[in-house]
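1. Give me a 3D structure for the following:
(chains A, B, C and D)
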2 protein chains.
Amino acid sequence: MTAYDAAMTEGLRLSVDRRSPVPLYHQVATQLADAIDAGTLAAGTKLDNEIALADRLGLSRPTMRKAIEELVGKGLLVRKRGVGTQVVHGRVRRELELTSLYDDLSAAGKRPRTAVLLNRVEPAPAEVAEELGVAPGTDVRRLERLRRADGAPLAVLRNWLPADLLELEDGELEEHGLYELLRQRGTHLRIARQRIGARGASADEAALLDLRPDHALLTMQRTAYADSGRAVEYGDHCYRPDSYSFEVTVVER
Amino acid sequence: MTAYDAAMTEGLRLSVDRRSPVPLYHQVATQLADAIDAGTLAAGTKLDNEIALADRLGLSRPTMRKAIEELVGKGLLVRKRGVGTQVVHGRVRRELELTSLYDDLSAAGKRPRTAVLLNRVEPAPAEVAEELGVAPGTDVRRLERLRRADGAPLAVLRNWLPADLLELEDGELEEHGLYELLRQRGTHLRIARQRIGARGASADEAALLDLRPDHALLTMQRTAYADSGRAVEYGDHCYRPDSYSFEVTVVER
DNA sequence: TAGTGGTCTAGACCACTGC
DNA sequence: CAGTGGTCTAGACCACTAT
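-> Numbers count the residues shown, from 1 in each chain, chains lettered A, B, ... in the order given. You can find the predicted model right below:
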């Protein structure tokens, strides 16, 4: 029985580097996640208990615990009091993260192209002003872009940003994602609230996306906040549904 | 200056009940969340530092910290090292949680009605077998339901569950949500992976949802796992997009 | 330099599960 | 009953930010 239990995490090589600036709990979490991705820790595998794991790595229990909690939050592990910790069944898919579509496409090996349809400063409409937390009529930068991937039109992106936040040239927008440009200017996004829905394409949208009018579109409205707590971007986007979908992992608290 | 800072959380009445079975950190988190919802803690308000808050409540710093982290994870607070903790700007919307559509509708004060279109045990198609982690051809229970809210058709719900997991009568399905029935039988869902997209309605779907064929639909495929790590449900759902959307809060780690 | 959150330790006791 | 995760404490030191 003990031999069977011991085999559960035997093939695992875990180690921590205390000189590294990376937090110990994150080093451990990353190694466990990699082992799960690689199949070294197969679905259903039961992990040793957290005290044994902590001892093996020379860590305190809270630190080991935090590593495990990180993976529970990502949906890779499940814990049950009195029972133990197991690797979740089922293959793992990429999670919805705070990235721009441009980043997503680059990561997926596609070649994103951007056409800037509109880029100007104008007074904020009421709805946009409310989302950004500014007075109606305040100057905001309005963007409208068409995003292509490997040549095929994929999405129409409409964005509004506080005008005092940054200058944006068309050339930059064609070469980089919006979030990348924000990061370059020291604005780090921390929280985004998104609403995902569907509707039929307008005539304009249909023409841009090479669809017939009223064809189903996937839509997303997003308000993003910087670590200062300030609203930094409001976006109203629509996507060709044959080329794009959202993935979300929900974990019961 | 100190008077100004002190005013930040002055109006707040926080307290903990050590006899309660509810964890202390969760008691505190709930009270803070309520204060944010109620506007007592307005957007942009800076909280006292975590040591001061812990002292005020007679808690240790880690416990107070865990309360704050819970709210950071929900997107209600933002922290910045060297600066402090602030209430996020912008109004708060309900988050996507591990609930069924039935629960959502009940909570929103709608009256959900369910028509059972199909409820039988049959061999699992390949795609379903893979999602549930069973051998193709294994017996699974297949459900097809039409969900109405306040009389208007809202969604077509198709589900597959391992047949050995539970018996389900049509009558039960008409009166209760699927997740509620699972809970009653001791199955607690812990993780769900969801893919959200859009497409045009088929002729059947259009008839059920009172739309024209090819009208835009919001779609969601979900695989849910119990705390045992086992896949418990695969669902393929479609929604009238004028009546339903998904809300997601994403927090940068 | 003072103040903040970020990390880490070494214990303790409790609640739940399964045998 | 033994073993597990869940909660909680009272410290410590460090990294980052603003002034």
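2. Pairing partners for the nearest residue to A:Gly84 once chain neighbours are set aside in the sheet, please.
-> Spatially, and ignoring its direct neighbours in sequence, A:Gly84 is nearest to A:Lys46 (5.1 Å; CB to CB, 6 or more residues apart in numbering or on different chains). Where C-beta positions appear, they are placed from N, C-alpha and C, glycine not excepted. Judged by DSSP bridges, the bridge partners of A:Lys46 are A:Gln86.
3. from what I can see A:Lys46 touches A:Arg79, true?
-> No - judged on CB atoms under 8 Å, A:Lys46 makes no contact with A:Arg79 at a distance of 10.8 Å.
4. so what pLDDT did the residue nearest to A:Gly84 get?
-> We have a pLDDT of 87 for A:Lys46.
5. swap in A:Thr2?
-> 30.
6. got it, and A:Arg253?
-> A:Arg253 carries a pLDDT value of 56.
7. Look at the residue of the stretch 1-150 of chain A found nearest DNA strand C and give its secondary structure.
-> Proximity of the stretch 1-150 of chain A to DNA strand C (CB to the nearest atom of the strand) peaks at A:Gly82, 2.4 Å away. Classification of A:Gly82 by DSSP: H, G, I helix; E, B strand; the rest coil places it in coil.
8. What does it show for phi and psi?
-> The phi/psi pair for A:Gly82 (degrees, to the nearest 10) reads phi 80, psi -10.
9. Run a quick neighbour tally on it.
-> The burial count assigned to A:Gly82 is 4, neighbours taken as other CB atoms under 10 Å in any protein chain shown.
10. ok, it - contacts?
-> A:Gly82 makes no contacts at all, as judged by CB atoms under 8 Å, 6 or more residues apart in numbering or on different chains.
11. quick one: it and B:Thr187, what's the gap?
-> 17 Å (CB to CB, to the nearest Å).
12. For A:Ser228, give its distance to DNA strand D.
-> As judged by CB to the nearest atom of the strand, to the nearest Å, A:Ser228 and DNA strand D stand 8 Å apart.
13. and that residue, what does it touch?
-> B:78, B:80, B:86.
14. Show me the beta-bridge partners of the nearest residue to A:Gly73 once chain neighbours are set aside.
-> Once flanking residues are discounted, A:Gly73 sits nearest to A:Val251: 6.1 Å by CB to CB, 6+ apart. Under DSSP bridges, the beta-bridge partners of A:Val251 are B:Ile191.
15. so A:Ile191 touches A:Arg230, yeah?
-> No - if you go by CB under 8 Å, A:Ile191 and A:Arg230 don't touch, sitting 10.8 Å apart.
16. Between the two, tell me which one has more neighbours.
-> Between A:Ile191 and A:Arg230, counting by other CB under 10 Å, A:Ile191 is the more crowded of the two (25 against 20).
17. shaky segments in the stretch 51-200 of chain A?
-> In the predicted model of the stretch 51-200 of chain A, residues A:90-109 satisfy pLDDT under 70.
18. before we move on, the earlier item: any common contacting residues for A:Lys46 and A:Arg79?
-> Counting by CB under 8 Å, 6+ apart, the shared contacts of A:Lys46 and A:Arg79 are A:85-86.
19. ok, for A:Ala129, nearest residue in space, not its chain neighbours?
-> A:Pro136 (4.2 Å).
20. can I assume A:Tyr234 sits in a strand?
-> Yes - the assignment for A:Tyr234 by three-state DSSP puts it in a strand.
21. Look up phi and psi at the closest residue in space to it that isn't next to it in sequence.
-> Among residues not flanking A:Tyr234 along the chain, A:Glu131 sits closest, at 4.3 Å (CB to CB, 6+ apart). Backbone torsions for A:Glu131, taken as degrees, to the nearest 10, come to phi -60, psi -40.
22. Who are the contact partners of A:Glu131?
-> Shown in contact with A:Glu131 (CB under 8 Å, 6+ apart): A:160, A:223, A:231, A:234, B:90.
23. Ok, A:Glu127 next?
-> With CB under 8 Å, 6+ apart, A:Glu127 has no contacts at all.
24. that's a strand at it, yeah?
-> No - the assignment for A:Glu127, made by three-state DSSP, is helix rather than a strand.
25. hmm, back to that, looks like the residue nearest to A:Gly73 contacts A:Val72 (just checking).
-> Yes - A:Val251 lies in contact with A:Val72 (CB under 8 Å); the separation is 6.9 Å.
26. where do the helices sit along the stretch 51-200 of chain A?
-> For the stretch 51-200 of chain A, the helices defined by DSSP state H, counting those that start in this stretch cover A:61-73, A:101-107, A:126-132, A:170-175, A:178-184.
27. Does the last one reach chain B?
-> Think helix A:178-184. No - judged by CB under 8 Å from any CB of the partner chain, helix A:178-184 and chain B are separated, with a smallest distance of 10.7 Å.
28. Which positions in that helix come out as buried?
-> Buried positions in helix A:178-184, judged by neighbour count with 16 or more other CB atoms under 10 Å in any protein chain shown: A:178-179, A:181-182.
29. I'd like those as JSON lines, with distance to B:Ala35 appended.
-> Output for the buried residues of helix A:178-184, formatted as JSON lines (distance: CB to CB, whole Å):
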{"residue": "A:Leu178", "distance to B:Ala35": "34"}
{"residue": "A:Tyr179", "distance to B:Ala35": "32"}
{"residue": "A:Leu181", "distance to B:Ala35": "36"}
{"residue": "A:Leu182", "distance to B:Ala35": "31"}
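30. right, so of the helices of the stretch 51-200 of chain A, which gets closest to DNA strand D?
-> Evaluated over these, closeness to DNA strand D peaks at helix A:61-73, with 5.6 Å, by CB to the nearest atom of the strand.
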